[in-house]
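In: Take this sequence and fold it.
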Amino acid sequence: QVQLVESGGGLVQAGGSLRLSCAASGRTFGTYIAGWFRQAPGKERECVAAISWRGLNTYYSDSQKGRFTISRDNAKNTVYLQMNSLKPDDTAVYYCALAPFSSGFPPRESEYNYWGQGTQVTVSA
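Out: Now for the predicted structure:
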């Protein structure tokens, strides 16, 4: 069993930056693909970034390319999401999730089997 705890969310002005962290319990973190998702009020949850289990491959949704960077430190059981040039449209609850390394890349949302509780990111205009 793996538990995920996100941190680093908060209130930031447009154009600002935040760095989200997701700490995982368990010894098998390094065998999972990690992803960051977000869900804004009234909208479907979407994957914003994913990183392969060794960190060699990354995926970004089109609206985040060039602004967000996903990374991981398997020695610390942690995955990060650096968010720059934030916009009000980035306001959402951000979740990290893990999918087995055998999943496709990027994994379908249904392939993620561990989820964090989420952290709120609010970007003011």
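In: Can you give me the distance of the residue nearest the centre of the chain to Phe29?
Out: Among the residues of the chain, the one closest to the centroid is Trp36, at 2.0 Å (CA atoms, centre = their mean). Trp36 sits 15 Å away from Phe29, going by CB to CB, to the nearest Å. Every C-beta, even on glycine, is put in place using the N, C-alpha and C of the backbone.
In: rewinding a little: wait, what's in contact with the residue nearest to the centre of the chain?
Out: Counting by CB atoms under 8 Å, 6 or more residues apart in numbering, Trp36 touches 20, 22, 47-50, 68, 70, 79, 81, 94-97.
In: Kindly reformat these as CSV containing pLDDT and distance to Pro107.
Out: Formatted as CSV, those follow (pLDDT from 0 to 100; distance: CB to CB, whole Å):
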residue, pLDDT, distance to Pro107
Leu20, 98, 19
Cys22, 97, 16
Cys47, 97, 8
Val48, 97, 13
Ala49, 98, 12
Ala50, 98, 7
Phe68, 97, 18
Ile70, 98, 13
Val79, 97, 14
Leu81, 98, 16
Tyr94, 98, 17
Tyr95, 98, 14
Cys96, 98, 13
Ala97, 98, 9
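In: how about the residues you listed, which pair is most distant?
Out: With CB to CB as the measure, no two of the contacts of Trp36 lie farther apart than Phe68 and Ala97, at 15.6 Å.
In: okay, these two: which has more neighbours?
Out: The neighbour count for Phe68 versus Ala97, taken as other CB atoms under 10 Å, is higher for Ala97 (24 against 21).
In: That one should be in a strand, yeah?
Out: Yes. Counting by DSSP: H, G, I helix; E, B strand; the rest coil, Ala97 is found in a strand.
In: Was I right to think it contacts Gly116?
Out: Yes. The pair Ala97 / Gly116 is scored as a contact, 7.1 Å apart, by CB atoms under 8 Å.
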